[in-house]
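Peer 1: Need a 3D model of the following:
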Amino acid sequence: MITLKNLSKNFDESKIYSNTNYSFKGNSFTCFLGPSGSGKTTLLNLIAGFDRDYSGDIIIDELNINSLSMDELCKYRFNNVGFIFQQYNLLKGYTSLENVLMGIHLNDSISEKEKERRAVELLTKLGLKGQINQSIETLSGGEKQRVAIARALVNNPKIILADEPTGALDSEATKSIMEILKEISKDRIVVVITHDEEVAAYADEVIELDNFNIKVYSDVNIIENKNLEYEDKNLEYEEGNDLRHKGSVEEEALIPKLSNNTAMKLSLKNFKIHMVKFIVAALIIAFGSVAFVGALASKNITNNLINEFKENNIFYNKGQVPVYDNGKIVNEDIKSIFNKLNAMDRVEDVYYQYKLENLKIIYNNKNLDMIIKVPTATSKETMAYGDMPRDGSFEIVISSNIANRMRSNIEDIIGEKIYLEYSNKNNEIEKVELTVSGLSNSSYQDFIVSTDVEKDIYGKYNIDENNPAAVSFDVKNFNDILSVDKELKADNISVFTKSLDIKAFQDSFTSLIKLYTVLSYLILIIGILISVVMLYKISIERYKEVGLLGALGYSMRNMKKIMVKESLYFSALSIVTSILLFKVLDIVYVMQFGYKLDLNVVSYLILMGLNLVLTVGISYVINMKLIKTEPAVALRK
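Peer 2: Numbering: from 1, shown residues only. Sure thing, here's the model as predicted:
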């Protein structure tokens, strides 16, 4: 029995029901007649518990549904209500059988085999034996409505609520559906809303809304036909077997419960249906997360580029403290400076440098006399071609000025042998064979030799040890050059280093890494935003699906079971995609820079964790908003 007591319902300022009182007859077919917008669907939504925004009481077999929570309403609907929608509200991508089973999945008192038997039996009795495993999209309107009826009946509800069930059907299909509903009404309450008076002819009682209240329709032309005999011309029922509710003993109310196995099957089905959109969203999130983690992992490239720079520019570690600069004394107490440098942990290979006189450079048959050679501050030199000399290789860098005197094409002298000639302490001629490793941009007649060659010459040359021209030193760690330079200058020591060049190099590379990191963050953020839009779009399309599940009695907990699993599949897809993209990015880096990304277990854990948080997090927020929507609202979207 359905009883309305002082029921009032408004939509904004519009009044629909005002202190309405009415009781529906048991085991009968009641037709609610009236034009569109007259409050018919509103009443069905209230009885079904889809809409809780009203005052008064709706009592179903002594149960007042006005005080029920959303979960309690789901339990009430599952045990009491079968809803037949005008637009069918069948799940796309599902077969007829799968759609019907949605109405009984929550009944854990019977086996899966029994559930399927019931669904198949109902579909067969409704004339859909050949369409049981057919996709819902391929069915006609009448066939879809029969599937919707089977779904409404499969769990043996006490009440059938039909919202314009024939509104989208032709006359033949309308007659068939109404005869089915008439048969069903023999042992339960069937309430049909319609604006079609021909449909109302099938009813045991016809009601309408008059002045915000329900009254029994009194037009004799309509109700005089209510006792007509109806013959089913479309369905062939087996003898003693019909569509009515079986059994006289009322079953105990069941708690709607979705098994983990069924939840997994449904989530896999839904994931497959929306696969393309999930793949697109996973690609976007994976791309963003890979770009972000790639920025973190690119430090290996930074280190390799710095190491490569250091290897190719070992003279950058060289520093010099001169006594004179441009003819002026800049460091008077050179010996105390020497001792200070020797005491510094970050400095090594400290030695005095001296002026050399009467040197000769010999190349093939050409000789070049150098009257005096002062120690060259390598930090002040720039290279035109080639590289600075390396220890142990007997190499020399000559100025472009000298090279022009030796060959017309100065580049051709690189790699050639030349000789450096000088007199030793015994006034004997010493001759050192050296390989030209590069040309400096110096406009003077000058050369630079490696430290070992220079020390060897000082050891043999008749030098004045009391008058060093400079102190040479090497900074052990490339990264300490700036700090050593700063410390010496803070002590008013005039020192030549490559600190300015190194600072510019580090600043430019740091800026590049910062730019790449910022871009990676932007890509990640854009990826998140696009993924949110994509997932929201999927969710929007699923409002009706969620509304339907709520109408069938699926609680938030049951729907979460399905959606959480979908989120995990989505996350797994995104993680696998991101790992593959990470590998591709690593290959691209090798091809572009010659180095791999600094990938380790932590990198992959960060990548997987980021994907997991983004996919599950975004999906959870969107899905929670989705499943909290009232069924009536969700079904209208």
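
Peer 1: okay, CA-based contacts and neighbour counts for the rest of this
Peer 2: Noted.

Peer 1: give me the element the residue positioned nearest the centre of the chain is part of.
Peer 2: In the chain, the centroid-proximal residue (CA atoms, centre = their mean) is residue 285; its distance is 2.6 Å. Residue 285 belongs to helix 275-297 when elements are defined using DSSP states H and E.

Peer 1: buried residues in that helix?
Peer 2: Judged by neighbour count (16 or more other CA atoms under 10 Å), helix 275-297 contains these buried residues: 277-278, 280-297.

Peer 1: what's the helix ranked longest in the chain packed up against?
Peer 2: In the chain, with assignment by DSSP state H, the single longest helix is helix 499-541. Judged by 3 or more CA pairs under 8 Å, 6 or more residues apart in numbering; DSSP states H and E, the packing partners of helix 499-541 are helix 275-297, helix 481-490, helix 601-627.

Peer 1: Now do the same contact list for the nearest residue to the residue nearest to the centre of the chain once chain neighbours are set aside.
Peer 2: Leaving aside its sequence neighbours, residue 285 sits nearest to residue 527 (CA to CA, 6 or more residues apart in numbering; 5.3 Å). Residue 527 is in contact with 284-285, 287-288, counting by CA atoms under 8 Å, 6 or more residues apart in numbering.

Peer 1: Any chance of a markdown table for those, columns pLDDT?
Peer 2: Compiled in a markdown table, these are given as follows (pLDDT from 0 to 100):
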| residue | pLDDT |
| --- | --- |
| 284 | 86 |
| 285 | 87 |
| 287 | 86 |
| 288 | 83 |
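
Peer 1: Among the residues you listed, find me the one that's closest to residue 612.
Peer 2: Among the contacts of residue 527, residue 285 lies closest to residue 612 (CA to CA), at 10.1 Å.

Peer 1: Wait, the closest one touches residue 611, no?
Peer 2: Yes - the pair residue 285 / residue 611 is scored as a contact, 7.0 Å apart, by CA atoms under 8 Å.

Peer 1: overlap in contacts of the two?
Peer 2: Counting by CA under 8 Å, 6+ apart, the contacts common to residue 285 and residue 611 are residue 574.

Peer 1: elements contacting the helix holding residue 285?
Peer 2: Packing contacts for helix 275-297, counted by 3+ CA pairs under 8 Å, 6+ apart, involve helix 499-541, helix 556-593, helix 601-627.

Peer 1: hmm, who's touching it?
Peer 2: Counting contacts by CA under 8 Å, 6+ apart, the residues outside helix 275-297 that touch it are 271, 513, 516-517, 520-521, 523-528, 530-531, 534-535, 538, 570-571, 573-575, 577-579, 581-582, 585, 597-599, 603, 606-607, 610-611, 614-615.

Peer 1: show me where the stretch 351-500 of the chain has helices.
Peer 2: Defined through DSSP state H, counting those that start in this stretch, the helices belonging to the stretch 351-500 of the chain, from first to last, are 400-406, 451-460, 481-490, 499-541.

Peer 1: Give me the pLDDT value at residue 454.
Peer 2: Confidence per residue is given as pLDDT, and for residue 454 that number is 95.

Peer 1: ok, it - how many residues close by?
Peer 2: Around residue 454 sit 15 other residues, with neighbours defined as other CA atoms under 10 Å.

Peer 1: Use 10 as the first number for this chain going forward.
Peer 2: In the new count, where the first residue is 10, that last one comes out as residue 463.

Peer 1: And it, how far from residue 360?
Peer 2: To residue 360, residue 463 is 10 Å away according to CA to CA, to the nearest Å.

Peer 1: Residue 224 and residue 33: what is the separation?
Peer 2: Residue 224 is 11 Å from residue 33, where distance means CA to CA.

Peer 1: and the protein, what are its domains?
Peer 2: 35-47+90-237, 281-315+516-645, 325-506 (automatic domain parsing).

Peer 1: In TSV, list those domains along with distance to residue 18.
Peer 2: Converted to TSV, the domains of the chain look like this (distance: least, CA to CA, whole Å):
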stretch	distance to residue 18
domain 35-47+90-237	9
domain 281-315+516-645	15
domain 325-506	77
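
Peer 1: Return the member of these having the minimum mean pLDDT.
Peer 2: Within these, the stretch with the lowest mean pLDDT is domain 281-315+516-645, showing a mean of 83.

Peer 1: Distance from that domain to the middle of the chain?
Peer 2: The chain centroid and the centroid of domain 281-315+516-645 are separated by 1 Å under CA atoms, centre = their mean, to the nearest Å.

Peer 1: can you tell me the distance between the two ends of it?
Peer 2: Using CA to CA, the end-to-end distance of domain 281-315+516-645 comes to 25 Å.

Peer 1: any idea how far residue 19 is from residue 27?
Peer 2: Here the criterion is CA to CA. By it, residue 19 lies 9 Å from residue 27.

Peer 1: which of these two has more neighbours?
Peer 2: Between residue 19 and residue 27, counted using other CA under 10 Å, the more crowded position is residue 27 (17 against 14).

Peer 1: Can you give the contact residues for the strand or helix carrying the more buried one?
Peer 2: Under the criterion DSSP H and E, the helix or strand holding residue 27 is strand 23-33. Outside of strand 23-33, the residues within contact range by CA under 8 Å, 6+ apart are 10-19, 39, 47-48, 65, 198, 221-223.

Peer 1: Parallel or antiparallel, which strands does it pair with?
Peer 2: In the sheet containing strand 23-33, its partner strands are strand 11-20 (antiparallel), by DSSP bridges.
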